[in-house]
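Trainee: quick one: sequence plus predicted model below, questions after.
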Amino acid sequence: MNEQHRVGPVPAVSDEILERFDALCPDVEAEVVRLCMESDAPGQAMGPDAEKMLQNGMRFVSKMLRATMRWGAGEMIADEVEWGRTRLPVYGVSAQMVFRNFQRYEQALMRRLTREEAAAIGPCFAELLKKQQTVVEGRG
Amino acid sequence: MSRCAKDDISGTSAVSPTRIPQGSLRFLRPDQPHFRLAGDYFEALLNRERHRATDMVMGALDNGLALSELYLNVFAPVQYEVGWLWQQGLISVGHEHYCTGTTQMIMAMLYPRLFRTKRGTRRLVAACVSGELHELGLRMLADYSVLKGWDSDFLGADTPVDGVLRMLEERPAAVLAISVTMHYHLEQAEDLIRAVRTSPRIAETIILVGGYSVRIVPSMWQSLGADGTADDAVAAMALAERLLVEREKK
């Protein structure tokens, strides 16, 4: 583990909440992609396959978040954000777009969760957004 | 040659299909053993010179390079570097696969040399969990175990739990080595370890886990229920030997 992987605590969440997360992911991912397509004109930088790439990307985000919450391992968030910092520009995806999509993801998910579920998952998103913010600001 | 020094790798791009900007490399460092050979090999892969890559490896071995040094100081850092170039978008995924395929091809050509070592009685089974496709590091461990006098069964990528259990039950091993690269495959590793622990005939197998995803989280091997982890093949085999000795003392 190196300095890039240092993050705040991300508690593991229960199997029940993970199941709920799994069930909600398809709708959440679809909402993020729709909002991004409507607002960010991603095709300009990502090309004609932008929507498909965003769908794949959101699926990956869900799997990454699930692993992080399953193991209570914030290092995974830091690792994936760092990976995205170098890899995603290759696909024409800016750090700002990633940040906006993480925000959309959080809002779409939280809206569908109970207060208890949201409280359990919240720290993971707080770390995710904080870490991506450092990339946006060029500190990552 | 020293064309692969970190600051002048871009000088090779006259013959390379890809320009490698200065400062793009992470894993090939001049202070590492066999840096020049690693640099030459890296350059040959980037230039898609499979024959040259093969010749330089065979030549180095003929001149006394140990197989273990080749694996640890040439293949491993070069493959890490290839992956890093892909991540930065400096080579295509096809090019990355070409490089990995070439290294795997050369590793296969080395088996007659590898199997000259005396076959040991201790057995290691090596498997990537279900869904996991990154197998090269684990293959290096399996090969290195042979160099250390072990017998090994390399099951490769994407091996389902039942497949691993069956191989262990048919021919028990002292050590099961499991590799996980992607974070979202860690649960499959947990499933596999639990299945081994609850299978009476093989429950005592020493289980080591490794791979990128395990390395990222220092306590992950414990969370998974394994007996230990290691960052590379040398450390893994040293740990395996130590755990076996400790077990025999009990």
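Mentor: In hand now; what should we look at? These numbers were taken from a predicted model, which means no experiment stands behind them.
Trainee: how far out from the middle of the chain is the strand or helix carrying residue B:243?
Mentor: In this assignment (DSSP states H and E), residue B:243 forms part of helix B:233-249. Taking Cα atoms, centre = their mean, to the nearest Å, the mean C-alpha location of helix B:233-249 is offset from the chain mean by 18 Å.
Trainee: name the helices or strands packed onto it?
Mentor: helix B:136-147, strand B:175-179, strand B:206-210, strand B:228-229 (3 or more Cβ pairs under 8 Å, 6 or more residues apart in numbering or on different chains; DSSP states H and E). C-beta coordinates here come from the backbone N, C-alpha and C atoms, glycine included.
Trainee: which regions of the chain lie under the pLDDT threshold?
Mentor: Assuming you mean chain A. Along chain A, the parts satisfying pLDDT under 70 run over A:1-8, A:140.
Trainee: not quite, I wanted chain B
Mentor: Scanning chain B with the threshold set as pLDDT under 70 gives B:1-19.
Trainee: quick one: name the residues of it near chain A.
Mentor: Contact residues, chain B versus chain A (Cβ under 8 Å from any Cβ of the partner chain): B:87-89, B:183-184, B:186-187, B:213, B:215-218, B:220, B:223.
Trainee: measure the closest residue to chain A within chain B to residue A:92 for me?
Mentor: As assessed by Cβ to the nearest Cβ, chain A sits closest to residue B:89 within chain B, at 3.3 Å. Remark: distance between residue B:89 and residue A:92 (Cβ to Cβ, to the nearest Å) = 10 Å.
Trainee: likewise residue A:66?
Mentor: 26 Å.
Trainee: contacts for stretch B:239-246 next, please.
Mentor: B:122, B:124, B:145, B:148, B:174-175, B:177, B:206, B:208, B:227-230 (Cβ atoms under 8 Å, 6 or more residues apart in numbering or on different chains).
Trainee: show me the two of those residues that sit farthest apart.
Mentor: B:122 and B:229 (19.2 Å; Cβ to Cβ).
Trainee: burial measure for residue A:26, as a count.
Mentor: 12 (other Cβ atoms under 10 Å in any protein chain shown).
Trainee: next up, the contacts around the residue nearest the centre of chain B.
Mentor: With distances taken as Cα atoms, centre = their mean, residue B:137 lies nearest the centre of chain B, 1.7 Å away. Residue B:137 sits next to B:76, B:179, B:210-211, B:233 when contact means Cβ under 8 Å, 6+ apart.
Trainee: tell me which element residue B:172 is part of?
Mentor: Using DSSP H and E, no helix or strand contains residue B:172.
Trainee: over to residue B:124?
Mentor: strand B:123-128.
Trainee: element containing residue A:108?
Mentor: Judged by DSSP H and E, residue A:108 forms part of helix A:95-110.
Trainee: so which bits of the strand or helix carrying residue A:56 are buried?
Mentor: Element membership for residue A:56, per DSSP H and E: helix A:50-71. Going by neighbour count (16 or more other Cβ atoms under 10 Å in any protein chain shown), the buried part of helix A:50-71 is A:50, A:53-54, A:57-58, A:60-71.
Trainee: swap in stretch B:100-116?
Mentor: Here stretch B:100-116 shows B:100, B:102-103, B:106-107, B:110 as buried, counting by 16+ other Cβ under 10 Å.
Trainee: now do stretch B:201-212
Mentor: Buried, per 16+ other Cβ under 10 Å, within stretch B:201-212: B:202, B:205-212.
Trainee: same deal with stretch B:128-144?
Mentor: B:128-130, B:132, B:134-144.
Trainee: what residue of chain A is the furthest out?
Mentor: residue A:48 (22.7 Å).
Trainee: tell me how far that residue lies from chain B.
Mentor: Taking Cβ to the nearest Cβ, to the nearest Å as the measure, residue A:48 falls 19 Å from chain B.
Trainee: for chain A, give the residue positioned nearest to chain B.
Mentor: For chain A, Cβ to the nearest Cβ, closest residue to chain B: residue A:90, 3.3 Å.
Trainee: so what's that residue up against?
Mentor: B:88-89.
Trainee: show me what the longest helix seen in chain A is packed against.
Mentor: Scanning chain A for the longest helix, with DSSP state H as the assignment, gives helix A:15-39. Counting contacts by 3+ Cβ pairs under 8 Å, 6+ apart, helix A:15-39 packs against helix A:50-71, helix A:95-110, helix A:115-136.
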